[in-house]
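> Fold the following, please.
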Amino acid sequence: MPGIDLTLSGAPAPEQARRIAQALTTLTCRVLDKEEQRTMVQIRYLPREQWFIAGRSLAELNRDSFRLVVTITDETNTKQQKADYQDQAFQELSRLLGDVHPHSNIHIVDCRAAAYGYGGISQEAYSYRC
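Alright, predicted model coming up:
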């Protein structure tokens with residue numbers, strides 16, 4: 001189950017969030033070979049005045065940014081899949097958001113199967129049930 005946590009600069013925009021959630025779900029399932037029905041997305045917004053890069057706010061820089069954190073079960077994806085995901089996610093979010101700061105970033109977190117799960121069941125225990 002991938003957990004996708006996205007922080008965007010700016011004011012909350014529900015329609016934008018819906019489009020981005022769908023795009024990230026589709027991309028994650030395609031590139032990282034995950035299941036859509038087990039993919040969770042959370043989107044938060046942070047005012048540009050409270051987001052700083054090199055000591056200057058995004059408001060001062062007149063830019064937008066994002067931080068994407070994707071949690072997956074360790075050993076379920078190759079380095080190449082993760083590299084492809086980072087490239088394609090950056091391109092897709094740049095397309096959807098417009099001119100983003102180049103220090104917008106993507107962090108893929110590999111969690112051990114015993115330390116990560118949903119519905120009260122670890123990924124390790126879930127894999128034994130299948």
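
> A21 contacts I43, doesn't it?
Yes. Judged on Cβ atoms under 8 Å, A21 makes contact with I43 at a distance of 6.2 Å. For glycine as for every other residue, the C-beta is placed from the backbone atoms N, C-alpha and C.

> Do I have it right that S122 meets A113?
Yes. Contact criterion Cβ under 8 Å: S122 and A113 qualify, at 6.4 Å.

> which sections of this structure are below the confidence cut-off?
For the chain, the stretches with pLDDT under 70 are 127-130.

> how about the strands of it, start to end?
Secondary structure of the chain by DSSP state E: the strands cover 3-9, 40-46, 52-53, 56-57, 66-73, 105-111, 117-118, 121-122.

> which residues touch the second one?
Applying Cβ atoms under 8 Å, 6 or more residues apart in numbering, the set of residues contacting strand 40-46 from outside is 1-13, 17, 20-21, 24-25, 118.

> go again using 6 Å as the cut-off
Strand 40-46 has contacts (Cβ atoms under 6 Å, 6 or more residues apart in numbering) with G3, I4, D5, L6, T7, L8, S9, G10, P12, A17, A21, L24.

> residues near the nearest residue to the third one once chain neighbours are set aside, how many?
So that's D5. Computed as Cβ to Cβ, 6 or more residues apart in numbering, the closest residue to D5 that is not its neighbour in sequence is V69, at 4.5 Å. For V69, the neighbour count with other Cβ atoms under 10 Å is 15.
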